[in-house]
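Student: Next come a sequence and a model predicted from it.
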Amino acid sequence: MVTDNQSQHSNHLKLDELDTKIVQFLQKDGRMPYTDIAKQVGVAEATIRYRVQRLLESGAITIQANLNLEKLEHRNIAAIALLINNPGLVDQIASELCSLDEVSYVVFVTGRYNLVVEIVHDSYEDLQKFLLRLQHIPGLLGFEVQTVIKLYKTQDFLKLKLKQE
């Protein structure tokens, strides 16, 4: 008999060394030709095409464009920790926040706060408008705002995973 926990776990895709290398190339350049990746890792282009398709169809990866905020004028980042009075509202509030254009990141966390949200804003006036909107969310007890002054590093999961193995 398969339990719900086993069923959920079996839906997870385990990345092997080739998958990991492919993803690393795509993280650097999501439009990198499969022929170039194949040459770099020493396999046939068809293998790369199959592996990327499998990763995309499984939902293990998505390929998207990311803004480099340091290259854009008037773009700022704020991290906002949210305290919610009813744990049953976390998913609903997270969903509402995910639908907002200025929100780039929403995570459920342990500790004093329930959610951490990252927003991208052009001015402190825009940040203030966003914070005023937050105050009207039912179930939100409070929040703490941290403005990002300088981004030193973002760590991608695969590099971290490879270091640990």
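Tutor: Sure thing, it's come through. Residues are numbered from 1 along each chain as shown.
Student: quick one, strands of the chain?
Tutor: Applying DSSP state E to the chain gives strands spanning 76-84, 103-108, 115-121, 140-147.
Student: quick one: the shortest one to strand 76-84, angle?
Tutor: Put plainly, it is strand 103-108. Using axes from the mean of the first three to the mean of the last three C-alpha atoms, to 10 degrees, the inter-axis angle of strand 103-108 relative to strand 76-84 is 30 degrees.
Student: got the contact list for the closest residue to residue 43 other than its chain neighbours?
Tutor: Nearest non-adjacent residue to residue 43, counting by C-beta to C-beta, 6 or more residues apart in numbering: residue 18, 6.9 Å away. Placement of C-beta: from N, CA and C, glycine included. By C-beta atoms under 8 Å, 6 or more residues apart in numbering, the contact set of residue 18 is 41, 43, 47, 51.
Student: if we can go back for a sec, okay, the strands of the chain, which one's buried deepest?
Tutor: Among the strands of the chain, ranked by average contacts under mean count of other C-beta atoms under 10 Å, first place goes to strand 115-121 (a mean of 20).
Student: that older thread, and the contacts of residue 18, which of them are buried?
Tutor: Among the contacts of residue 18, the ones that count as buried by 16 or more other C-beta atoms under 10 Å are 41, 47, 51.
Student: which one among these gets closest to residue 140?
Tutor: Distance to residue 140, by C-beta to C-beta, is smallest for residue 51 among these, at 42.7 Å.
Student: List the contacts of residue 142.
Tutor: By C-beta under 8 Å, 6+ apart, the neighbours of residue 142 are 82, 83.
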